[in-house]
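1. heads up, no residue letters with this:
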């Protein structure tokens, strides 16, 4: 693993589970665990809580995590944040696959992955998106979590904001003239946190730059912040997103995951983006590199299943002219310690020779 010259001493912190839309779901699991352990679960419906572990016998689960832009200025619901979290239950590790919103798809005439949700029958929106990704990646999706941008802002405000080391000053164009976030360590409230995770105009690579930089920095800062919250903060977090948050997890599922992941540490939460490159006019699309994607999925997301070759992936490859974005992994601990987001401080290629080990045990 590469070591950053800027690496600072960092006290080893542990979190409940880093599988959320820009890590908000970490707070839900973290909150569920602590509130139940302290007998403070809201509602008091003890019938919802079972002593049976729903994941007994399971080695892993895959969770689709989606952030939905439901703002009034848009005439459709777009999934501008999409991630798949692979939770290795046996080894207590999480790998997160970030999916650029402009990833090319042949699912509709818009050819962008973030349009599938809004152009599917209302009752089947998340199922339609999950099925498309499962087919494209040949990766089963077991559970889903969605949260709206309103819910995201409320959640950040509920925990008193998130302290972030902003890497450079920028003006957020959609907020209007003069709306700046300045370089340096500061606490971002819900509105400014939204600006931070959505900012992309200053990156040559657009949405890819946002994913690799702003989202990873924020996810890492939020994970660190959640280790410092008390029960009152956690209660505020959990209750703030109800009505803006949907999932097919049951309460018992969430509590079981929270308990299982109580020992998860930041060095065991890895983040990757689909290998690929910008494509089309002004690089307005993103196309996957199928060979590299197959290597990544086989090494990191098929922990206990057989490898799937690139030619069996259904995702479309429109171009493959540069390897610049292919090796882009980080752990959350790396980013908090000063590693450059997207720098490839961890590599799925290290696991190529052993990617089939431990399968079908």
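-> Right, received. Where do you want to start? What you are looking at is a predicted structure, and each value in this text was computed from that prediction instead of being measured. Numbers count the residues shown, from 1 in each chain.
2. mind listing the strands for the stretch 251-361 of the chain?
-> Along the stretch 251-361 of the chain, the stretches classed as strands by DSSP state E, counting those that start in this stretch are 269-273, 276-279, 285-288, 330-331.
3. Adding distance to residue 56 and mean pLDDT, write the ones you listed out as JSON lines.
-> In short, each C-beta sits where N, CA and C put it, glycine included. Compiled in JSON lines, the strands of the stretch 251-361 of the chain are given as follows (distance: least, C-beta to C-beta, whole Å; pLDDT from 0 to 100):
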{"stretch": "strand 269-273", "distance to residue 56": "24", "mean pLDDT": "92"}
{"stretch": "strand 276-279", "distance to residue 56": "38", "mean pLDDT": "94"}
{"stretch": "strand 285-288", "distance to residue 56": "35", "mean pLDDT": "96"}
{"stretch": "strand 330-331", "distance to residue 56": "28", "mean pLDDT": "92"}
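4. Out of those, which is closest to residue 117?
-> Among the strands of the stretch 251-361 of the chain, the nearest to residue 117 by C-beta to C-beta is strand 285-288 (16.9 Å).
5. which residues are in contact with that closest one?
-> The contact list for strand 285-288 (C-beta atoms under 8 Å, 6 or more residues apart in numbering) reads 100, 102-104, 111-112, 207-208, 274-279, 313, 315-320.
6. Please list only the buried members of those.
-> Neighbour-count burial (16 or more other C-beta atoms under 10 Å) is assigned, among these, to 100, 102-104, 111-112, 207-208, 274-279, 313, 315-317, 320.
7. doesn't residue 328 make contact with residue 277?
-> No: taking contacts as C-beta atoms under 8 Å, residue 277 lies outside contact range of residue 328: 11.7 Å.
8. Is it possible to get a markdown table of the strands of the stretch 251-361 of the chain that adds distance to residue 220?
-> Shown next, in a markdown table, are the strands of the stretch 251-361 of the chain (distance: least, C-beta to C-beta, whole Å):
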| stretch | distance to residue 220 |
| --- | --- |
| strand 269-273 | 9 |
| strand 276-279 | 23 |
| strand 285-288 | 23 |
| strand 330-331 | 8 |
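9. Can you name the residues that contact the closest residue to residue 142 other than its chain neighbours?
-> Among residues not flanking residue 142 along the chain, residue 61 sits closest, at 4.7 Å (C-beta to C-beta, 6 or more residues apart in numbering). With contacts taken as C-beta under 8 Å, 6+ apart, residue 61 has the following neighbours: 55, 86, 87, 89, 142, 143.
10. Of those residues, which is the most crowded?
-> Most neighbours among those, by other C-beta atoms under 10 Å: residue 87, with 27 neighbours.
11. I figured it hits residue 94, correct?
-> Yes: with contacts counted by C-beta under 8 Å, residue 87 reaches residue 94, the gap being 5.3 Å.
12. before we move on, back to that, tell me the SS of the residue nearest to residue 142?
-> What DSSP: H, G, I helix; E, B strand; the rest coil gives for residue 61 is strand.
13. Can you give me the pLDDT of it?
-> Note for residue 61: predicted pLDDT of 95.
14. So, low pLDDT: which residues of this structure?
-> Regions of the chain meeting the criterion pLDDT under 70 cover residues 1-51, 70-76, 173-178, 203-207, 227, 231, 234-235, 261-263, 350-361.
15. Helices of that one, residue ranges please.
-> For the chain, applying DSSP state H gives helices covering 24-37, 125-137, 149-158, 190-198, 207-209, 216-226, 231-240, 251-260, 290-296, 332-336.
16. how about TSV for these, with distance to residue 305 added?
-> Converted to TSV, the helices of the chain look like this (distance: least, C-beta to C-beta, whole Å):
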stretch	distance to residue 305
helix 24-37	24
helix 125-137	12
helix 149-158	33
helix 190-198	32
helix 207-209	28
helix 216-226	26
helix 231-240	33
helix 251-260	20
helix 290-296	13
helix 332-336	25
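17. With residue 306 as the reference, name the closest of these.
-> Residue 306 lies closest to helix 290-296 among the helices of the chain, at 12.3 Å (C-beta to C-beta).
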